[in-house]
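S.K.: Give the three-dimensional model of this entry:
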Amino acid sequence: MRRRSRIRTVTILAGTVVAAVVAVTTAVLTGMVDRAVELVAPDTPVSAEAEVLGERQPSLVIVTHDEDDTSGNAGGVTVLAYDRQTGQGSIVLVPTAILADVPGYGAFQLREAFALGGAPLVDISLANLLGVEFDGAASVSGAGWSSLLARTGGYEVTVRSRLNDPDGDATRFEAGEQFLDGHRLAEYLTFRGDSESELETLPRTQDVLLGLLDRLAAEPELLDEMFADDAPMVETADTGLLRTLLGQLAEARAEGRVTTLTLPVAPLGSGREDSYRLDAARAAALVDDQLAASRPTEGAGVGRRVQILNGNGAEAVGQRVAEGLSGGGYRVVLTGNADNFDYGTTLIVVYDDAPEQLAVAADVRDRLGVGEIQRSATPQSVVDVTIVVGADFLE
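M.R.: Residues are numbered from 1 along each chain as shown. As a prediction, this is how the structure comes out:
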């Protein structure tokens, strides 16, 4: 069962606005540098024959953040997933500097989506980027990780290389295998040196998470300790989902069935430090092998690309529309503002009058609770439906 309710919402579209937005977006994407970054130290080969298109796998987006960071941005994003059909567990490390369309705001780095709308907006943005649907989102601060990991009693981690304090020459971590308590584990998980790129920090996230799974596999009763009081240090609508996933992944890890991968990205070449775009071809292969069971397979919107335009000026209206479409198989690929904020009626624009397209438009209207269906005379291939959100969506 999906966790999100159908929020009544609306979107806007005008032919000239759509054409302009599509043209600008296409130009930006075409200009991106096409150089791939290798996956970070995957421990297990990706299975090319995993058939995971049956029962949905539970999946969760975990956002790590620093409560003292005045930017409010995310410091880390990780996806946990477990396929019930194959027994395969997956940990996907997501570079937060990847560019994504953030519903209601436009193109931002994924880390910035957390400042704009918290973990749920990171969830929606990443899900749309990959064409999947996650079952929940959670956020954990550095102090939260410290408290959560302390409940395990600590465990051993192999520090790959010596790490010096960014503010001086003092050594923060010596290289080699060593026992770390909860505070030190959280510190190691979130540590970043001055000269390090984000990609260089991800193996430490991998090491801490795999160590946690090994600890839970050895002593399953520790799950009861970790979640004895619903783990208040974890901000999520469904603490039980995180507990379930950790238990399932610990069992899979004990049998060598957990794969850890980094989401493939390529540098944007924009001059910004740590700025990436999705390596679409390799990311699609990763989804096929590890997250295919999180792809929507039912609903009129499966495979349909959506553009959301704000035509009423209300804050975060795009996020609300994207949440309203959740569960229908839609993929929000473009968001932005309409040509004005004076739309009284929400418009649901399609680009041909084929029965299946009209059925999609009707489904969108049902999910949002408002909307007038229109057919655009200007064909285009970037999106299948444009929603221009009017004032009636706010009523």
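
S.K.: can you tell me which residues contact Val102?
M.R.: Neighbour list for Val102: 108, 110, 112-113, 116-117, 121, 125, 319, 335 [criterion: CB atoms under 8 Å, 6 or more residues apart in numbering]. In short, each C-beta sits where N, CA and C put it, glycine included.

S.K.: Switch the residues you listed over to a markdown table; also include distance to Gly256, neighbour count and secondary structure.
M.R.: Formatted as a markdown table, the contacts of Val102 follow (distance: CB to CB, whole Å; neighbours: other CB atoms under 10 Å; DSSP: H, G, I helix; E, B strand; the rest coil):
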| residue | distance to Gly256 | neighbour count | secondary structure |
| --- | --- | --- | --- |
| Phe108 | 38 | 17 | strand |
| Leu110 | 30 | 25 | helix |
| Glu112 | 37 | 23 | helix |
| Ala113 | 34 | 30 | helix |
| Leu116 | 39 | 19 | helix |
| Gly117 | 38 | 22 | helix |
| Leu121 | 35 | 27 | helix |
| Ser125 | 33 | 31 | helix |
| Gln319 | 39 | 26 | helix |
| Thr335 | 41 | 27 | strand |
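
S.K.: Would you reformat those residues as TSV and include distance to Thr346 and pLDDT?
M.R.: As requested, the contacts of Val102 are exported to TSV (distance: CB to CB, whole Å; pLDDT from 0 to 100):
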residue	distance to Thr346	pLDDT
Phe108	24	95
Leu110	28	97
Glu112	27	97
Ala113	24	97
Leu116	22	96
Gly117	21	95
Leu121	21	96
Ser125	22	96
Gln319	16	93
Thr335	15	92
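
S.K.: Identify, from the residues you listed, the entry nearest to Asp207.
M.R.: Leu110 (22.1 Å; CB to CB).

S.K.: Test my guess that that closest one contacts Val122.
M.R.: Yes - judged on CB atoms under 8 Å, Leu110 makes contact with Val122 at a distance of 6.3 Å.

S.K.: Now do the shared contacts for the two.
M.R.: What both Leu110 and Val122 touch, as defined by CB under 8 Å, 6+ apart, is the set 74, 77.

S.K.: So what's the residue count around Asp68?
M.R.: 8 (other CB atoms under 10 Å).

S.K.: does Gly303 sit in a helix, a strand or a coil?
M.R.: coil (DSSP: H, G, I helix; E, B strand; the rest coil).

S.K.: contacting residues for the closest residue to it other than its chain neighbours?
M.R.: Closest residue to Gly303 apart from its sequence neighbours, by CB to CB, 6 or more residues apart in numbering: Gly329 at 7.0 Å. The contact partners of Gly329, by CB under 8 Å, 6+ apart, come to 296-304.

S.K.: Identify the residue nearest the geometric centre of the protein.
M.R.: Leu126 (3.0 Å; CA atoms, centre = their mean).

S.K.: just checking, that one touches Ala100?
M.R.: Yes - the pair formed by Leu126 and Ala100 meets the contact definition of CB under 8 Å, at 6.7 Å.

S.K.: Now do the contacts for Pro379.
M.R.: Applying CB under 8 Å, 6+ apart, we find Pro379 in contact with 351-352.

S.K.: and it, that's in a strand?
M.R.: No - Pro379: not assigned to a strand; according to three-state DSSP it is coil.

S.K.: From Asp352, how far out is it?
M.R.: For Pro379, the distance to Asp352 equals 7 Å [CB to CB, to the nearest Å].

S.K.: what pairs with the spatially closest residue to Gln357 that is not a sequence neighbour across the strands?
M.R.: Nearest residue to Gln357, sequence neighbours excluded (CB to CB, 6+ apart): Val350, at 4.6 Å. On the basis of DSSP bridges, Val350 is bridged to Arg375, Val385.

S.K.: show me what contacts Val350?
M.R.: The neighbourhood of Val350, defined by CB under 8 Å, 6+ apart, consists of 357-358, 360-361, 373-376, 384-385.

S.K.: Also Glu187?
M.R.: Here Glu187 is in contact with 142, 146, 172 (CB under 8 Å, 6+ apart).

S.K.: Check which helices and strands the helix or strand encompassing the last one sits against.
M.R.: It stands for Arg172. Arg172 belongs to strand 171-173 when assigned by DSSP states H and E. In terms of contacts (3 or more CB pairs under 8 Å, 6 or more residues apart in numbering; DSSP states H and E), strand 171-173 is packed against strand 163-164.

S.K.: How about residues contacting the strand it packs on?
M.R.: In contact with strand 163-164 (CB under 8 Å, 6+ apart) are residues 170-173, 191, 193.

S.K.: ok now the strand holding Arg172, how far from the chain's centre?
M.R.: Relative to its chain's centre, strand 171-173 lies at 31 Å (CA atoms, centre = their mean, to the nearest Å).

S.K.: most surrounded residue in the contacts of strand 163-164?
M.R.: That'd be Phe173 among the contacts of strand 163-164, by other CB under 10 Å, with 20 neighbours.

S.K.: shouldn't that residue be in contact with Arg162?
M.R.: Yes - in this structure, Phe173 is within contact of Arg162 by CB under 8 Å, at 6.7 Å.

S.K.: gap between the two ends of stretch 320-332?
M.R.: Using CA to CA, to the nearest Å, the end-to-end distance of stretch 320-332 comes to 12 Å.

S.K.: average pLDDT for stretch 357-367?
M.R.: On average, the pLDDT along stretch 357-367 is 95.

S.K.: same question, stretch 147-156
M.R.: Mean predicted confidence for stretch 147-156 is 97.

S.K.: what sits up against that stretch?
M.R.: 140, 177-186, 208, 211-212, 214-216, 222, 225-226, 228, 231, 233-234.

S.K.: For it, output the C-alpha coordinates as PDB.
M.R.: Output in PDB follows, covering the C-alpha atoms of stretch 147-156 (Å, rounded to 0.1, in the frame of the first residue of the first chain):
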ATOM      1  CA  SER A 147      22.200   7.900  18.800                       C
ATOM      2  CA  LEU A 148      20.900   5.200  16.500                       C
ATOM      3  CA  LEU A 149      24.200   3.500  16.000                       C
ATOM      4  CA  ALA A 150      25.100   3.800  19.700                       C
ATOM      5  CA  ARG A 151      22.200   1.400  20.400                       C
ATOM      6  CA  THR A 152      24.100  -1.400  18.500                       C
ATOM      7  CA  GLY A 153      27.000  -1.100  21.000                       C
ATOM      8  CA  GLY A 154      29.300  -0.100  18.100                       C
ATOM      9  CA  TYR A 155      31.200  -2.400  15.700                       C
ATOM     10  CA  GLU A 156      34.400  -2.800  13.800                       C
END
